[in-house]
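Visitor: Quick one: sequence plus predicted model below, questions after.
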Amino acid sequence: MLRMGQILASYDEIVKYFGDPSIYKGMSKEIDIIWEVPMTNNQNATIYNHKKSGNPLGYEGIDKHIRTVWNIGGQSKLSVIFIYSMMGTSIDTLKTKLR
């Protein structure tokens, strides 16, 4: 999984569009919450936290309900476009954020 971009959204907004996340406590010292979102091209886009931006579960970090910056991972920028479009973000907004 490569970081392709970021999204500004609350935890509750992400849950609204993609359901509850998979929590990988112990999977990595850097990531402990992740959404795996199947795309139409047989790949997955991911939305996840990263250690340097705080732990979203509240342990010595940012509470998941306060966090607003999440990473988007995938194989290409298509994963960013896919996540933004699923959340109803306009293509014009995306073009600005991808520059």
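Guide: Received the coordinates, thanks.

Visitor: Spit out the contact partners of the nearest residue to residue 46 once chain neighbours are set aside.
Guide: Take residue 46 and drop its neighbours on the chain: the residue closest to it by CB to CB, 6 or more residues apart in numbering is residue 73, 4.0 Å away. All C-beta spots, glycine's among them, are computed from the backbone N, C-alpha and C. Residues near residue 73 by CB atoms under 8 Å, 6 or more residues apart in numbering: 1, 2, 3, 4, 45, 46, 47, 48, 79.

Visitor: run the last query once more with 10 Å
Guide: When the contact criterion is CB atoms under 10 Å, 6 or more residues apart in numbering, the partners of residue 73 are 1-5, 31, 34, 36, 44-48, 50, 79-80, 83.

Visitor: Direction included, what does the helix or strand hosting it pair against?
Guide: Remark: residue 73 resides in strand 69-74, with elements defined by DSSP states H and E. Note on strand 69-74: by DSSP bridges, its sheet partners are strand 2-8 (antiparallel), strand 44-48 (antiparallel).

Visitor: Could you list the buried residues of the first one?
Guide: To tie it back to what came earlier, the one meant is strand 2-8. Residues 4, 5, 7 are the ones in strand 2-8 that count as buried (16 or more other CB atoms under 10 Å).

Visitor: do stretch 37-52 as well
Guide: Within stretch 37-52, the residues scored as buried using 16+ other CB under 10 Å are 37, 39, 44, 45, 46, 47, 48, 49, 50.
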